[in-house]
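Enquirer: This is the structure alone, sequence omitted:
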């Protein structure tokens with residue numbers, strides 16, 4: 001977005017300067033308390049902090065003075081005033097925008113300490129385990145000074161280690177791990193098995209990535225079932241389609257059969273009618289899933305094949321999306337396409353989106369380098385405001401005008417020529433690409449031009465910290481997919497901190513950032529650009545685009561023929577305007593997609609919350625026992641002669657929880673089935689959203705009664721002795737193996753939506 005768009009976001013809620021005068025006044029007042037803080041001994045800080053009324057002006061001013069002094073003593077980092085300003089805004093519940101290299105980690109720790117001193121338990125959420133563990137250990141000495149306990153959770157943490165970390169005042173973890181703990185608690189049969197605590201405060205690092213880019217990613221808890229098995233005959237015919245048999249829509253999100261393609265599929269499958277009632281909800285859906293896997297999902301763009309498996313690539317981070325898979329049979333279809341054995345997705349026991357997970361916290365705040373551009377999403381979906389924090393040192397980075405070319409080939413040639421020219425001076429270059437294939441292609445062309453480069457993409461993301469750390473060394477050329485959330489600063493001169501090497505790179509102009517195409521949102525552009533010019537360092541950036549880039553071809557479908565200004569294919573101002581307009585269109589479409597998807601998920605989230613409340617009441621009280629005792633009084637009288645109330649209470653809890661969990665899992669399966677076909681309602685001039693809500697509401701109203709009916713039957717017929725319940729006899733079998741993963745939301749919404757596309761194509 002350009003300046004106009006940023007102004008628009010501010011008007012809509014991302015008020016860049018709101019309440020800043022109060023924060024600045026507090027920071028100035030804190031300087032008057034500095035001599036008091038300096039006189040304290042190290043072992044006096046905790047008591048001094050505990051005596052503060054952290055929510056008062058005087059209390060916060062003294063807190064800031066303590067933090068400033070403690071930072072120097074504990075971690076050799078005296079917070080800049082702008083870091084204190086960011087911490088204050090987070091203490092007031094804002095998302096703060098702080099530029100790359102401005103010290104968000106320290107600002108976040110300061111805010112966490114402030115909340116902890118106010119008696120709140122704080123979760124500091126990172127985008128991955130590495131950053132969570134690193135930041136917790138890095139800031140631990142500062143927490144220790146204030147007597148604030150801190151822990152960290154990773155995917156390798158045991159149940160006991162998780163409980164210990166959650167018991168701390170401040171807990172660092174990835175958003176995935178916290179979500180999975182919340183889901184796993186849905187398997188608890190006794191209160192002492194619960195791991196996730198009651199949510200109070202969450203501070204979100206890379207807030208736009210977590211709260212916007214991944215907001216609608218469902219986290220899944222699954223139980224063992226058979227693997228998805230693709231229909232071999234359907235995959236065989238789809239894999240042999242010609243370009244005349246299918247068409248992809250202009251934005252590249254939907255693929256459908258043409259009339260000729262439909263006849264080819266029908267004839268090959270034995271003369272069936274795939275649009276007839278018998279096949280429209282089954283065969284047609286499977287055909288469209290296969291179409292999506294074969295003709296929209298590209299290897300080394302959307303996924304890689306590594307270690308014998310298909311691994312999704314996170315488009316906003318450029319790295320492997322661990323534990324993620326596609327839904328609706330798409331994962332199995334891609335695995336079949338690549339000649340791999342389909343993996344099990346399992347029966348969904350419970351699910352929660354990242355957005356709903358964050359909605360559990362009464363207080364949400366966060367930090368990122370690009371908050372202003374996401375201000376409307378923060379306001380609309382979380383009720384959050386944005387505070388823009390100035391940089392500690394003036395930004396002297398030189399941002400060159402965009403260079404737009406008529407086609408990809410001319411753009412790529414121009415990128416290589418530009419990099420070669422810069423590289424010959426010794427200035428380090430960081431080149432941002434959009435996907436694995438593009439990064440490897442560019443590295444190949446650079447090598448042909450005699451330029452050695454290091455490539456960072458999803459295929460070698462395990463070495464990312466080491467690669468990024470050296471990207472600022474003289475003569476370095478680094479080709480990387482998306483830079484968001486990498487978590488490692490690029491130091492001029494290299495990671496060893498050699499002053500002479502740094503000074504040499506400074507003289508050369510600092511880091512040069514080259515973008516090989518604008519992203520769908522300006523936020524990602526700015527995340528890449530922000531790698532240069534940190535903390536007052538010199539640097540420069542430039543973006544190369546073409547009229548054949550996917551951003552343009554998907555969002556500018558009615559371009560008249562344009563001619564470049566010179567023989568190299570370089571376009572004039574009109575070319576730049578076209579790319580900017582395409583980006584604005586893409587951002588608007590993403591916001592609309594988010595809103596639509598949230599509308600579909602909203603009622604399911606409310607239903608889940610209702611079930612969780614009921615489940616917790618059953619788990620923590622004698623409600624199950626009381627209900628069954630009242631509803632089946634005769635059976636209770638019979639059992640009470642030989643079985644104690646304590647045993648019966650435990651049995652009643654197991655029975656009711658089993659049937660409630662079974663009913664919820666069945667409901668989620670029903671919701672998934674409705675989602676897969678609800679778009680067909682559009683053919684009958686009905687609103688898919690309204691019909692979806694109507695259907696799942698009607699089904700949910702029966703859930704609790706049906707669960708209790710099952711529980712009453714089990715209570716009256718199962719073998720219950722003084723030793724408890726015979727689970728095998730009661731047919732109360734829970735999954736012997738469970739696992740967690742994330743679902744990568746299909747941009748085409750569902751296989752049902754694809755079916756509509758196909759039908760509409762035939763009618764047209």
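Expert: It's in. All values reported here derive from a predicted model rather than from experimental measurement.

Enquirer: residue boundaries of the helices in the stretch 301-450 of the chain?
Expert: Taking DSSP state H, counting those that start in this stretch as the criterion, the stretch 301-450 of the chain carries its helices at 330-337, 354-358, 375-382, 408-423, 436-448.

Enquirer: hang on, residue 219 in a strand?
Expert: Yes - under DSSP: H, G, I helix; E, B strand; the rest coil, residue 219 sits within a strand.

Enquirer: What's opposite it in the beta bridge?
Expert: With DSSP bridges as the criterion, residue 219 is bridged to residue 352, residue 742.

Enquirer: That one and residue 351, how far apart?
Expert: 7 Å (Cβ to Cβ, to the nearest Å). C-beta coordinates here come from the backbone N, C-alpha and C atoms, glycine included.

Enquirer: picking up where we left off before, for residue 46, which of the helices of the stretch 301-450 of the chain is the nearest?
Expert: In terms of Cβ to Cβ, the element of the helices of the stretch 301-450 of the chain nearest to residue 46 is helix 354-358, at 30.8 Å.

Enquirer: Which parts of the protein belong to which domain?
Expert: Listed domain ranges for the chain are 10-224+354-388, 232-345, 398-587, 619-733 (source: automatic domain parsing).

Enquirer: Nearest to the spatial middle of this structure, which residue is it?
Expert: residue 214 (2.7 Å; Cα atoms, centre = their mean).

Enquirer: Go ahead and confirm it touches residue 175.
Expert: Yes - between residue 214 and residue 175 there is a contact at 7.4 Å, judged by Cβ atoms under 8 Å.

Enquirer: list residues touching both of these two?
Expert: In terms of Cβ atoms under 8 Å, 6 or more residues apart in numbering, residue 214 and residue 175 are both contacted by the residues residue 354.

Enquirer: any residues in contact with both of residue 219 and residue 351?
Expert: residue 183.

Enquirer: So which bits of the helix or strand hosting residue 658 are buried?
Expert: For residue 658, the element it lies in under DSSP states H and E is helix 645-677. In terms of neighbour count (16 or more other Cβ atoms under 10 Å), helix 645-677 has its buried residues at 647-665, 667-668, 671, 674-677.

Enquirer: what's that helix packed up against?
Expert: strand 347-353, helix 573-620, helix 623-631, helix 633-640, helix 688-700, helix 703-717, strand 724-725, helix 751-763 (3 or more Cβ pairs under 8 Å, 6 or more residues apart in numbering; DSSP states H and E).

Enquirer: what is the rounded mean pLDDT of the first one?
Expert: This points to strand 347-353. The predicted model assigns strand 347-353 a mean pLDDT of 87.

Enquirer: With the shortest one instead?
Expert: Strand 724-725 shows an average pLDDT of 91 in the prediction.

Enquirer: which one is residue 635 nearest to, not counting chain neighbours?
Expert: residue 716 (4.8 Å; Cβ to Cβ, 6 or more residues apart in numbering).

Enquirer: Burial check on that neighbour, number of neighbours?
Expert: 16 (other Cβ atoms under 10 Å).

Enquirer: Residue 632 is in contact with that one, correct?
Expert: Yes - in this structure residue 716 lies within contact range of residue 632 using Cβ under 8 Å: 5.7 Å.
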